[in-house]
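Participant: Here you go, sequence then predicted model.
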Amino acid sequence: MTTILFVCVHNAGRSQLAAGLAAARAGSDVTVISAGTEPDAAVSQKVLASLAEVGIDRRSEVPQLLTEQLAAQADVIVALKPALDLPAHARVEVWPLPDPASWDVDGIRPLRDHIDGLVADLLEREKAPS
(Lines give C-alpha, C1' and ligand atoms only; values in the text may rest on other atoms or scores of the structure.)
Protein backbone atom coordinates (compact mmCIF):
# COMPACT_ATOMS: atom_id res chain seq x y z
CA MET A 1 0.00 0.00 0.00
CA THR A 2 1.28 3.46 -0.91
CA THR A 3 1.38 6.29 1.63
CA ILE A 4 1.22 9.87 0.38
CA LEU A 5 2.00 12.83 2.63
CA PHE A 6 0.74 16.25 1.53
CA VAL A 7 2.56 19.19 3.12
CA CYS A 8 1.98 22.94 3.18
CA VAL A 9 2.78 25.60 5.75
CA HIS A 10 -0.34 25.62 7.95
CA ASN A 11 -1.97 22.26 7.09
CA ALA A 12 -5.20 24.21 6.96
CA GLY A 13 -5.69 24.83 3.23
CA ARG A 14 -3.79 23.32 0.31
CA SER A 15 -2.67 20.13 2.06
CA GLN A 16 -6.16 19.53 3.44
CA LEU A 17 -7.67 20.00 -0.03
CA ALA A 18 -5.18 17.57 -1.55
CA ALA A 19 -5.49 15.00 1.22
CA GLY A 20 -9.27 15.07 1.17
CA LEU A 21 -9.42 14.72 -2.60
CA ALA A 22 -6.79 11.96 -2.63
CA ALA A 23 -8.50 9.98 0.13
CA ALA A 24 -11.83 10.21 -1.69
CA ARG A 25 -10.32 9.10 -5.00
CA ALA A 26 -8.02 6.36 -3.69
CA GLY A 27 -10.32 4.62 -1.27
CA SER A 28 -8.48 1.94 0.67
CA ASP A 29 -5.67 1.53 -1.89
CA VAL A 30 -3.64 4.45 -0.57
CA THR A 31 -2.97 5.89 2.86
CA VAL A 32 -3.20 9.68 2.80
CA ILE A 33 -1.79 11.96 5.48
CA SER A 34 -1.17 15.69 5.64
CA ALA A 35 0.92 18.01 7.76
CA GLY A 36 2.26 21.53 7.99
CA THR A 37 5.60 23.07 8.78
CA GLU A 38 3.81 25.63 11.02
CA PRO A 39 0.34 24.17 11.56
CA ASP A 40 -2.69 26.30 12.39
CA ALA A 41 -5.08 25.37 15.18
CA ALA A 42 -7.85 24.34 12.77
CA VAL A 43 -8.59 23.58 9.15
CA SER A 44 -9.91 26.57 7.19
CA GLN A 45 -13.71 26.71 7.29
CA LYS A 46 -13.69 27.85 3.65
CA VAL A 47 -11.61 24.84 2.64
CA LEU A 48 -13.98 22.55 4.54
CA ALA A 49 -16.94 24.16 2.75
CA SER A 50 -15.23 23.71 -0.63
CA LEU A 51 -14.60 20.04 0.04
CA ALA A 52 -18.18 19.58 1.30
CA GLU A 53 -19.40 20.81 -2.10
CA VAL A 54 -17.91 17.65 -3.62
CA GLY A 55 -19.07 15.34 -0.82
CA ILE A 56 -15.88 15.25 1.25
CA ASP A 57 -16.12 15.77 5.02
CA ARG A 58 -12.85 16.67 6.75
CA ARG A 59 -14.37 18.40 9.79
CA SER A 60 -12.65 15.91 12.10
CA GLU A 61 -9.18 16.75 10.78
CA VAL A 62 -6.77 18.72 12.96
CA PRO A 63 -3.66 20.31 11.45
CA GLN A 64 -0.51 18.52 12.56
CA LEU A 65 3.17 19.32 12.58
CA LEU A 66 5.41 17.76 9.95
CA THR A 67 7.99 15.62 11.74
CA GLU A 68 10.76 13.32 10.55
CA GLN A 69 8.73 10.37 11.86
CA LEU A 70 5.68 11.39 9.84
CA ALA A 71 7.80 11.90 6.72
CA ALA A 72 9.35 8.47 7.19
CA GLN A 73 5.89 6.87 6.90
CA ALA A 74 5.43 8.28 3.38
CA ASP A 75 6.37 6.69 0.08
CA VAL A 76 6.06 10.12 -1.50
CA ILE A 77 5.89 13.62 -0.03
CA VAL A 78 4.00 16.23 -2.01
CA ALA A 79 5.00 19.78 -1.08
CA LEU A 80 2.24 22.18 -2.07
CA LYS A 81 4.57 25.16 -1.94
CA PRO A 82 8.18 25.53 -3.12
CA ALA A 83 11.01 25.87 -0.60
CA LEU A 84 9.28 24.22 2.36
CA ASP A 85 11.59 22.99 5.10
CA LEU A 86 11.11 19.25 4.62
CA PRO A 87 12.91 16.33 6.24
CA ALA A 88 15.23 14.45 3.90
CA HIS A 89 13.22 12.02 1.78
CA ALA A 90 13.91 9.88 -1.28
CA ARG A 91 10.81 11.02 -3.13
CA VAL A 92 9.48 14.57 -3.05
CA GLU A 93 7.17 16.23 -5.57
CA VAL A 94 6.60 19.98 -5.51
CA TRP A 95 3.32 21.43 -6.68
CA PRO A 96 3.69 25.23 -6.58
CA LEU A 97 0.20 26.37 -5.63
CA PRO A 98 -1.10 29.70 -4.32
CA ASP A 99 -2.10 30.12 -0.68
CA PRO A 100 -5.92 30.28 -0.43
CA ALA A 101 -5.93 31.59 3.17
CA SER A 102 -7.64 34.88 2.29
CA TRP A 103 -9.91 33.48 -0.43
CA ASP A 104 -13.63 32.82 -0.22
CA VAL A 105 -15.20 29.52 -1.27
CA ASP A 106 -15.80 30.80 -4.81
CA GLY A 107 -12.09 31.57 -5.10
CA ILE A 108 -11.05 28.21 -3.64
CA ARG A 109 -13.23 26.18 -6.01
CA PRO A 110 -10.91 26.48 -9.08
CA LEU A 111 -7.88 25.65 -6.90
CA ARG A 112 -9.70 22.61 -5.50
CA ASP A 113 -10.52 21.43 -9.02
CA HIS A 114 -6.92 21.99 -10.16
CA ILE A 115 -5.58 20.04 -7.19
CA ASP A 116 -8.07 17.26 -7.96
CA GLY A 117 -6.51 16.89 -11.42
CA LEU A 118 -3.00 16.77 -9.93
CA VAL A 119 -4.15 14.20 -7.37
CA ALA A 120 -5.76 12.05 -10.07
CA ASP A 121 -2.50 12.10 -12.04
CA LEU A 122 -0.43 11.21 -8.96
CA LEU A 123 -2.72 8.32 -8.04
CA GLU A 124 -2.56 7.00 -11.60
CA ARG A 125 1.24 7.10 -11.52
CA GLU A 126 1.25 5.32 -8.15
CA LYS A 127 -0.87 2.51 -9.61
CA ALA A 128 1.37 2.07 -12.65
CA PRO A 129 3.83 -0.82 -12.47
CA SER A 130 7.38 0.35 -11.81
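Facilitator: Looks like it came in fine.
Participant: switch to C-alpha atoms for all contacts and neighbour counts from now on
Facilitator: Noted.
Participant: per-residue confidence averaged over whichever helix in the chain runs longest?
Facilitator: Using DSSP state H, we find that the single longest helix of the chain is helix 105-127. The average pLDDT within helix 105-127 is 96.
Participant: Please spell out which residues along it are buried.
Facilitator: Applying a neighbour-count criterion of 16 or more other C-alpha atoms under 10 Å, one finds 105, 108-109, 111-113, 115-116, 118-119, 122-123, 126 buried in helix 105-127.
Participant: Can you list the residue ranges for helices in this structure?
Facilitator: Along the chain, counting by DSSP H, helices occupy 14-26, 45-53, 68-73, 105-127.
Participant: Among these, which comes closest to residue 81?
Facilitator: Closest approach to residue 81 among the helices of the chain is made by helix 14-26 (8.9 Å; C-alpha to C-alpha).
Participant: For that closest one, list every residue counted as buried.
Facilitator: Under 16+ other C-alpha under 10 Å, the buried positions of helix 14-26 are 14, 15, 16, 17, 18, 19, 20, 21, 22, 23.
Participant: export the buried residues of helix 105-127 to JSON lines and tack on distance to residue 88?
Facilitator: Formatted as JSON lines, these follow (distance: C-alpha to C-alpha, whole Å):
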{"residue": "105", "distance to residue 88": "34"}
{"residue": "108", "distance to residue 88": "31"}
{"residue": "109", "distance to residue 88": "32"}
{"residue": "111", "distance to residue 88": "28"}
{"residue": "112", "distance to residue 88": "28"}
{"residue": "113", "distance to residue 88": "30"}
{"residue": "115", "distance to residue 88": "24"}
{"residue": "116", "distance to residue 88": "26"}
{"residue": "118", "distance to residue 88": "23"}
{"residue": "119", "distance to residue 88": "22"}
{"residue": "122", "distance to residue 88": "21"}
{"residue": "123", "distance to residue 88": "22"}
{"residue": "126", "distance to residue 88": "21"}
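Participant: Pick the one among those closest to residue 92.
Facilitator: Nearest to residue 92 among the buried residues of helix 105-127, counting by C-alpha to C-alpha, is residue 122 at 12.0 Å.
Participant: Relative to residue 44, how far out is the closest one?
Facilitator: Relative to residue 44, residue 122 is positioned 24 Å away (C-alpha to C-alpha, to the nearest Å).
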